[in-house]
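Trainee: Sequence first, predicted coordinates after that:
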Amino acid sequence: MYPYISHTPDDEQKMLEAIGVSSIDELFEDIPDEVAFKREFKLDKAKSELEVRSYMTELSKKNCSLDDLTCFLGAGAYDHYIPSIVDHIISRSEFYTSYTPYQPEISQGTLQYLFEYQTLICNLTGMDVSNASLYDGGTAIAEAALMSTSVTRKEEIIISKTVRPEARRILKTYAHIQGLKVIEVDMKDGVTDLEQLDSLVSDNTSSVIIQSPNFFGIIEDIEETARITHKAKRALLITSVDPISLGILRRPGDLGADIVVGEAQGMGIPLSFGGPYLGFIAARQSHVRKLPGRIVGETIDLDGKRSYVLTLSAREQHIRREKATSNICSNQGLNTLAATVYMVTMGKEGLREVAEQSTKKAHYALKKLTQSGKYKPLFNQPFFKEFALTSDLDPELISSKLRDADIIGGYDLGQDYPQYKNAVLYAVTEKRTKAEIDKLSSVLEGI
């Protein structure tokens, strides 16, 4: 690594002497000899700034962005339009360099937008309190599950197989470390099997987790799921949602959900080849002290002026580790700001329009792609902006042919659901045009 750092051998020797060791190798003597890396790093010698810039530019050209391709891939991350004001606001230096607002006297701007973010999430989900914030939608589900076990003091978590597979894997990882039991509910025609759920819910159940719209884009029966869940004493219903869908669907809080989580990437955050994203979590007021992370509150200062503070901050930096509600949740401040600016910019009517356009275009796409009979719907259920098609063709072949036409195709469901071999999940957002959908149809018909 030496050619890429500024310290000279003399500098290194002085630092080693200061900490009382004779060599850099001595710093790593605890590493077993059989696993120690003993070769030279395969790195070029130092380059000039001009050379590095040229190299990185050429390397970046190997990536294809959504400026070059038309995207019909969803499965948890979506190509929604981002108003230009979002990037303008989050690029301001007072925001993009901000960190967790430990000192309210110098963090009023950050605290205010976090407070407004919490308010907007509560309005959107129908919940009483929200934190600010979590890593992504997958960890939000896991954190909500852990929260439910803390509230109910039960160790059994039930989750539907229609929940995003990646999120279920994250949950199982968390649960394994915590010694919790995770039970998966089967699905029937693309939705949660409520009869089986009814048979699984017991006095040992801490929470039931569903996703609506679920991984297949289908709208679940939250109200009936809540009724089944609440048959068990103190059991909580955790509902994962696409926040864009709440522009036209009823709020989960109004349907009986106790905790609402989700991925906010679609609200002003670019795909960015996989992250960083933004998980949100909101809950009933009665569970506020079990909510992970931090909560910003509004108060008045000594002069009677409105101001903001960290009202609850039950995280390991602030209290004893064993008392913390979570030790890994993050502020995700810049993404939280992006989502806040998006929600404020779009407003109630704008969010409804995004949801309506996505829904209408998705339904047009389903009709267009299935009109010849070559591709058929995998399910016959009401859906939001995603739908699954099945055919006699290998999904890898379909993806390759679409890629040749500068189209990013759908998600191969067989990767996570072996019973759905040759099924592909397509996502259609408000950005997709009729011409793009018709081109997708034309290319698919030609395979």
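Mentor: Right, received. Where do you want to start? Numbers count the residues shown, from 1 in each chain.
Trainee: Next up, the contacts around Cys122.
Mentor: Asp128, Val129, Ser130, Ala282 (CB atoms under 8 Å, 6 or more residues apart in numbering). To be clear about C-beta, it is placed using only N, CA and C from the backbone, and glycine gets the same treatment.
Trainee: From Met147, how far off is the closest residue to the second one other than its chain neighbours?
Mentor: On the basis of CB to CB, 6 or more residues apart in numbering, the spatially nearest residue to Val129 that is not a chain neighbour turns out to be Val288, at 4.8 Å. Applying CB to CB, to the nearest Å, the value for Val288 to Met147 is 11 Å.
Trainee: These two: which is more packed in?
Mentor: Ranked by neighbour count (other CB atoms under 10 Å), Val288 and Met147 place Met147 first, with 25 against 16.
Trainee: if we can go back for a sec, which one of the contacts of Cys122 sits closest to Val341?
Mentor: Ser130 (16.7 Å; CB to CB).
Trainee: That closest one: how many residues sit nearby?
Mentor: Other residues close to Ser130 by other CB under 10 Å number 26.
Trainee: ditto for the one 10 residues further on
Mentor: Using other CB under 10 Å, the number of residues around Ala140 comes to 30.
Trainee: Might one say that it is in contact with Gly279?
Mentor: Yes: taking contacts as CB atoms under 8 Å, Ala140 lies within contact range of Gly279: 3.4 Å.
Trainee: Can you pull the poorly scored residue ranges out of the stretch 201-350 of the chain?
Mentor: 313-325, 327-331 (pLDDT under 70).
Trainee: and if we set it to 50?
Mentor: Per-residue confidence for the stretch 201-350 of the chain (pLDDT under 50) gives these ranges: 316.
Trainee: helices or strands next to the helix ranked longest in the chain in the packing?
Mentor: Looking across the chain with DSSP state H, the single longest helix is helix 333-370. When contacts are defined as 3 or more CB pairs under 8 Å, 6 or more residues apart in numbering; DSSP states H and E, helix 333-370 sits against helix 84-90, helix 93-96, helix 108-125, strand 376-377, strand 386-390, strand 423-427, helix 434-445.
Trainee: who wins for proximity to Ala405 among these?
Mentor: helix 434-445 (4.7 Å).
Trainee: how much does the closest one deviate in direction from strand 386-390?
Mentor: Interaxial angle, helix 434-445 versus strand 386-390 (axes from the mean of the first three to the mean of the last three CA atoms, to 10 degrees): 20 degrees.
Trainee: surely Pro395 meets Tyr420?
Mentor: No: in this structure Pro395 lies outside contact range of Tyr420 using CB under 8 Å: 10.0 Å.
Trainee: what is in contact with these two at once?
Mentor: With CB under 8 Å, 6+ apart as the test, Pro395 and Tyr420 both reach Leu413, Gly414.
Trainee: And the closest residue to Gly109 other than its chain neighbours, what's its pLDDT?
Mentor: Once flanking residues are discounted, Gly109 sits nearest to Glu94: 6.2 Å by CB to CB, 6+ apart. On pLDDT, Glu94 comes in at 85.
Trainee: for Met1, same thing?
Mentor: pLDDT, Met1: 37.
Trainee: right, and the helices and strands packed on helix 333-370 - which one's nearest Tyr411?
Mentor: Taking those one by one with CB to CB, strand 423-427 is closest: 4.3 Å.
Trainee: what comes up buried for the closest one?
Mentor: Ala423, Val424, Leu425, Tyr426, Ala427 (16 or more other CB atoms under 10 Å).
Trainee: how many neighbours does the residue nearest to Gly109 have?
Mentor: Glu94 has 8 nearby residues by other CB under 10 Å.
Trainee: Check the gap between it and Thr192 for me.
Mentor: From Glu94 to Thr192 the distance is 45 Å (CB to CB).
Trainee: same deal with His176?
Mentor: From His176 to Thr192 the distance is 23 Å (CB to CB).
Trainee: Equivalent analysis for Ser199, please.
Mentor: 13 Å.
Trainee: likewise Leu180?
Mentor: On the measure of CB to CB, Leu180 and Thr192 end up 20 Å apart.
Trainee: Neighbour count: these two, which is higher?
Mentor: Thr192 (29 against 19).
Trainee: now that one, nearest residue through space, not along the chain?
Mentor: Nearest non-adjacent residue to Thr192 (CB to CB, 6+ apart): Ser160, at 4.1 Å.
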